[in-house]
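Novice: output the structure for:
(chains A, B, C, D, E and F)
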There are 6 protein chains.
Amino acid sequence: MAAHHLILLLLALIALSSSPAAFAADPNQLQDFCVADTNSNRNTANRLGSNVTLVFAQQFPGLNTLGVAGARLDFAAGGVNPPHTHPRATELLVVIKGTLYAGFVASTNKLYTKVLYEGDAFIFPQGLIHFQFNIGKTDAVAWASFGSQNPGRVDIANAVFGAKPPVSLYLLEKSFQLDEKTVELLQAKLWITNS
Amino acid sequence: MAAHHLILLLLALIALSSSPAAFAADPNQLQDFCVADTNSNRNTANRLGSNVTLVFAQQFPGLNTLGVAGARLDFAAGGVNPPHTHPRATELLVVIKGTLYAGFVASTNKLYTKVLYEGDAFIFPQGLIHFQFNIGKTDAVAWASFGSQNPGRVDIANAVFGAKPPVSLYLLEKSFQLDEKTVELLQAKLWITNS
Amino acid sequence: MAAHHLILLLLALIALSSSPAAFAADPNQLQDFCVADTNSNRNTANRLGSNVTLVFAQQFPGLNTLGVAGARLDFAAGGVNPPHTHPRATELLVVIKGTLYAGFVASTNKLYTKVLYEGDAFIFPQGLIHFQFNIGKTDAVAWASFGSQNPGRVDIANAVFGAKPPVSLYLLEKSFQLDEKTVELLQAKLWITNS
Amino acid sequence: MAAHHLILLLLALIALSSSPAAFAADPNQLQDFCVADTNSNRNTANRLGSNVTLVFAQQFPGLNTLGVAGARLDFAAGGVNPPHTHPRATELLVVIKGTLYAGFVASTNKLYTKVLYEGDAFIFPQGLIHFQFNIGKTDAVAWASFGSQNPGRVDIANAVFGAKPPVSLYLLEKSFQLDEKTVELLQAKLWITNS
Amino acid sequence: MAAHHLILLLLALIALSSSPAAFAADPNQLQDFCVADTNSNRNTANRLGSNVTLVFAQQFPGLNTLGVAGARLDFAAGGVNPPHTHPRATELLVVIKGTLYAGFVASTNKLYTKVLYEGDAFIFPQGLIHFQFNIGKTDAVAWASFGSQNPGRVDIANAVFGAKPPVSLYLLEKSFQLDEKTVELLQAKLWITNS
Amino acid sequence: MAAHHLILLLLALIALSSSPAAFAADPNQLQDFCVADTNSNRNTANRLGSNVTLVFAQQFPGLNTLGVAGARLDFAAGGVNPPHTHPRATELLVVIKGTLYAGFVASTNKLYTKVLYEGDAFIFPQGLIHFQFNIGKTDAVAWASFGSQNPGRVDIANAVFGAKPPVSLYLLEKSFQLDEKTVELLQAKLWITNS
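Specialist: Below you'll find the model as predicted:
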């Protein structure tokens, strides 16, 4: 795979621009088309060893009202896409290059995992905690499809221990069965996101 | 508040029962009514000091197709409803008795919190991590409204550290910046749910 | 229950404010959070002996796109919440204090009723005519949950006999099997709303 | 207009029949087609002088999952389609023959009316009370379109005064400002529906 | 049928105008009413012998958020409404005058057709190719109902052979099994629309 | 890219299987997860030089209620994915290998096209006619994401000229401006699908 660039070109929103108010509250896709454009680099030289390039409506207004979005995932060898959720869409993942280990936890707390090779697909249902990491010796690349223009992304460790201002010590100790010192150490760490 | 019982009576699903197949895939509520019935006790004598009584379609088939659900929350003094999400609905909480401290973390990792007295209402948007705990000296009671018949509930600590089979040590160490020993200690604990 | 105030605080609509046009027509909730704020009194000293405090998106823009709403119902002894419908949502009612008699009429014209004590819940399906009244000797309070940010409320007697300009005499006589004089008397009365 | 028959032919539900369970809960139309068939007479010789032929999914399973329905309205001279609502859809009415007087009451209790001639169209928003009557000297015919396969129909007078068992006298007196005797007289009448 | 005019009157969008931003992204109909107005002639003196008068939200902003639309179809004797699709809604057609031959092609390529007389109804599922033509000796008129405020219309021949700029010769030859000359002749023709 | 297999494993539909009727008509995703499994070869040795592997709910029941689907597209050099539509979803295409020329026709008949290299993405809005072909000298591979579990696929040439039974000669002549002989020749050809 020689080139890894995403190109999306934003064309005019004809129907909307002609009478924007008229379509302001309709539940379904109401215009004919929108196409968006960008060109991005993907650097996996971070603590997690991964990089997520979101193609959501916030990045590309052309997706507006069309009910679909995507994301490109790049992993260094050993790279991790840490436990997270998408509050507003199910994810369909397909591996384009390399080998990933992927899983999600159902609301029953049952864990489902699978080793995914090139061409393999896997589903992460809406709002459930899921993750992937690269178990191969080379870089890995995957593509994620979402059934919403704005799936959202909540990184669990970041939200719980890296929130600003920090979440109550008392609550975290009692909820995670951790002592005060461990919670304080966790809250003092640098929490980054790969997206 | 002398009695705290929920009574919901399941009546016949007339429209559905007359031609069930005909309505199998329609996106909206198609029948006139459904009412459901139960009578439950609420015991907060557990490690978390809280008890959640779900009134979802799984408990009460009468909610089927009606797009709304509820839950009763009981807290002992100091009781905690630990960080969790609802994958399929926003929650509107109203405090019926006592004083709660509530909060949620946006996907930007910003924390929003509020002290809630009797009659206070608060919103936890769909899929975002949120929590409450009783900061008063007496029991507390709250009612949660959801815009779905089946909001779901994902307990964060349980899903991350209490999943069966357990989530990969490597992933949790790297994602939560914890050493192997701490992760193993956490995974060995007893994880309960209050719902 | 000492205090009965609703407090809802409006926080910034971050996602929307950064690119409002991009989200104008999407069918689902697209932003992370919104919280709204008010402080209201509830006076039941009116002809109906009841007071409904709506917590809809019109009152609280913070509910925007979140698909849920609520209402607080206060009743004096004997107070009535007259027959009405919610055109855009099902209602899940829970009694917080006192004893109510509640009912709704299915589209088959079959009436379903129930006496509701503290903690009891009942469902009024979308668009069906329903009512409650206080059959206890003290005040009563209830909370209503709705699966829409804007359920709407149509008071039947007001809409039929209190419309401005008035509905055709001929139509009302023929439809309600009333004589002209009775219709004119009804149309001359003062029609109030408790919400 | 010589012949007034509706012919709708039910064809096989191919996608559904091959794997019915798979599509049972999807929110959108999932199959390619459905067509339904009937042949009905329309008799307006009743107290209201009107007849409504519903073309909903209950009558025609072929409409299942397709999100649209219709109804044919026939009026004798002076015939009335009494105040009613559709709980689950907006109605778009077009007059095919004759002259109708139509109106609806907004939730603000404001009345909107219009005289409709052949070819005229009018909208009755979801859940609002509306009516039509024939102000011409000949029969009138109209066609109603609905944006749901199962709009429902609630006849106001029937639901309020003709419910079985009857609605509480106390409630109706207080809500409609009628004396007990008038309510009892109304409840004793024969309430019919034209649909 | 003496007069064939559509009259739709646009009234104030009260709820929206009071706080337009608040309702910008809600999935459902949020306002009480909208009515729209026009008066059109229908000329079938064109190559196709037909005329389609759309009553979509683009023509009538009053349909905004109400999830329903319509269209009037006029046919000269022998007039054709050529193969087309509606990308966003199912169509329910009812014949008001004359005799039509109608059909659609399922995604299995199976053709379904029917001769429709006055009062007959037929369904064209969302996104499937369909058509009608007048097989009677007089003019014909039909009314189409749609379960969306903005169904859209794609004329197949126009889109394939009349696109501006033209679609690739190579693609059309290979896809339609036509030689280059025939494709060029088709692309050189004048392509009109009857709507 | 050594291996190109899709693996999707069907796990138990726990929530549904425990009470299938209860969830039969709800508009949203109501269960936690579903994963599906297959392993397919892709042969592009056909007249079109392309092969489409659908990952829709019909192929993989595990996608049921999750609102997302996908497809793998393989092209030989010069291979064509002919003009087609998806009646129930927008498509987000990303090129995994090779160089494609892609386009769609808006309902205004305006054509939008783009050359897509590895990593490029493009959007085909719901229900609009679109196509791709391989303009590189090697094989090409792309992945399509859809915001529905069952997008459907209508091949334009097949539906118009390959329908069984055939579409009316008169209609096709008049609609496509073709003589009878050309239509008959087209209808006599073998029409295949690449999916």
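
Novice: going forward, measure contacts between C-alpha atoms and count neighbours the same way
Specialist: OK.

Novice: so A:Asp139 makes contact with A:Leu73?
Specialist: No: A:Asp139 lies out of contact with A:Leu73 (CA atoms under 8 Å); the separation is 10.6 Å.

Novice: and these two? which has more neighbours close in?
Specialist: Using other CA atoms under 10 Å in any protein chain shown, the more surrounded residue of A:Asp139 and A:Leu73 is A:Leu73, with 24 against 19.

Novice: and A:Gly103, what is it in contact with?
Specialist: Neighbouring residues of A:Gly103 by CA atoms under 8 Å, 6 or more residues apart in numbering or on different chains: A:111-114, A:130-132.

Novice: what's the helix or strand for it?
Specialist: strand A:100-105 (DSSP states H and E).

Novice: what residues are up against the spatially most central residue of chain A?
Specialist: Central residue check for chain A by CA atoms, centre = their mean: the C-alpha nearest the mean position is that of A:Arg153, 5.2 Å away. By CA under 8 Å, 6+ apart, the residues touching A:Arg153 are A:84-87, B:107.

Novice: tilt between the helix or strand following the strand holding A:Gly103 and strand A:100-105?
Specialist: Downstream of strand A:100-105, the first helix or strand assigned by DSSP H and E is strand A:111-116. For strand A:111-116 against strand A:100-105, the angle by axes from the mean of the first three to the mean of the last three CA atoms, to 10 degrees is 160 degrees.

Novice: can you give the strand pairings for the very next helix or strand once past strand A:111-116, parallel or anti for each?
Specialist: As assigned by DSSP H and E, the chain's next helix or strand after strand A:111-116 is strand A:121-124. Within its sheet, strand A:121-124 is paired with strand A:91-97 (antiparallel), according to DSSP bridges.

Novice: only alpha carbons, please: show the partner strand as PDB.
Specialist: Output of strand A:91-97 as PDB, limited to C-alpha atoms (Å, rounded to 0.1, in the frame of the first residue of the first chain):
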ATOM      1  CA  GLU A  91     -18.900   0.000  14.400                       C
ATOM      2  CA  LEU A  92     -18.100  -2.400  11.600                       C
ATOM      3  CA  LEU A  93     -14.300  -2.900  11.400                       C
ATOM      4  CA  VAL A  94     -12.400  -4.400   8.500                       C
ATOM      5  CA  VAL A  95      -8.700  -5.100   8.700                       C
ATOM      6  CA  ILE A  96      -6.800  -3.800   5.600                       C
ATOM      7  CA  LYS A  97      -3.300  -4.800   6.600                       C
END
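
Novice: what's in contact with it?
Specialist: Contact partners of strand A:91-97, identified using CA under 8 Å, 6+ apart, comprise A:116-126, A:139-147, F:1, F:68-70, F:96.

Novice: buried ones among those?
Specialist: Buried positions within the contacts of strand A:91-97, assessed by neighbour count (16 or more other CA atoms under 10 Å in any protein chain shown), are A:116-126, A:139-147, F:68-70, F:96.

Novice: off-centre distance for the helix or strand where A:Leu172 lies?
Specialist: A:Leu172 belongs to helix A:169-176 when elements are defined using DSSP H and E. Centroid separation for helix A:169-176 versus its chain: 27 Å, with CA atoms, centre = their mean, to the nearest Å.

Novice: name the next helix or strand downstream of the worst-scoring helix or strand of chain A on mean pLDDT, please.
Specialist: When each helix and strand of chain A is scored by mean pLDDT, DSSP states H and E, helix A:14-18 comes last, with a mean of 26. Next in sequence after helix A:14-18, counting helices and strands by DSSP H and E, comes strand A:50-55.
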